[in-house]
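Participant: next one to model:
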Amino acid sequence: MVAAADAPVTPSQVQAELARATGQELAYTTVMTTLARLHDKGALDRTNAGRAFAYGLAAEPAELSAALTARQMQRLLDAQDDRAAALTRFVAALSPEDEAVLTSLLQDHPAPGDPGAAARPSPPPAQPSEEAKPR
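Facilitator: Reported below is the predicted structural model:
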């Protein structure tokens, strides 16, 4: 219902549309709680709409899965005491193809506040790790 809407929708609008579509009336608090949880997970954005909130998709439908995955990865990383160790283990477990994608992404998106990053030469393409090479 939220994805099909042309604009952000309120819980009462979602409740009415669900009742029309299914023939069953859900409690307003059930709809409100579900929308709030989807917002907390990063799937929905919300704005003030009078005394309620209006909810819309946080990303385009085709990009939503990737956006949610990225948000979950960030939340897990934020929960780590040793971010470097977590990132090191993550990178070590990447396939050569994923490592090449990550390297390319990091080259295209320099760190904020790093004016010289764009001027740096690109490193050579990633080579498969010893573990990934056929024997």
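Participant: show me this structure divided up by domain.
Facilitator: Recorded structural domains for the chain (assignment: automatic domain parsing) are 11-57, 62-110.
Participant: most tightly surrounded among the ones you listed?
Facilitator: domain 11-57 (a mean of 15; mean count of other Cβ atoms under 10 Å). C-beta coordinates here come from the backbone N, C-alpha and C atoms, glycine included.
Participant: give me the distance between the two termini of it.
Facilitator: End-to-end span of domain 11-57 (Cα to Cα, to the nearest Å): 14 Å.
Participant: can you check stretch 6-26 too?
Facilitator: End-to-end distance for stretch 6-26, by Cα to Cα: 23 Å.
Participant: centroid-nearest residue for the chain?
Facilitator: With distances taken as Cα atoms, centre = their mean, residue 67 lies nearest the centre of the chain, 2.3 Å away.
Participant: ok, and what's touching the helix or strand where residue 65 lies?
Facilitator: For residue 65, the host element (DSSP states H and E) is helix 61-78. Contact with helix 61-78 is made by 3, 41-43, 57-59, 83, 86-87, as judged by Cβ atoms under 8 Å, 6 or more residues apart in numbering.
Participant: restricted to strands, list the residues you listed.
Facilitator: Applying DSSP state E to the contacts of helix 61-78, the entries found in strands are residue 57.
Participant: now the contacts of helix 61-78 in a markdown table, please, with extra columns for distance to residue 18 and pLDDT.
Facilitator: Below are the contacts of helix 61-78 laid out as a markdown table (distance: Cβ to Cβ, whole Å; pLDDT from 0 to 100):
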| residue | distance to residue 18 | pLDDT |
| --- | --- | --- |
| 3 | 14 | 85 |
| 41 | 20 | 88 |
| 42 | 22 | 88 |
| 43 | 17 | 90 |
| 57 | 17 | 91 |
| 58 | 20 | 89 |
| 59 | 23 | 85 |
| 83 | 42 | 92 |
| 86 | 40 | 92 |
| 87 | 42 | 93 |
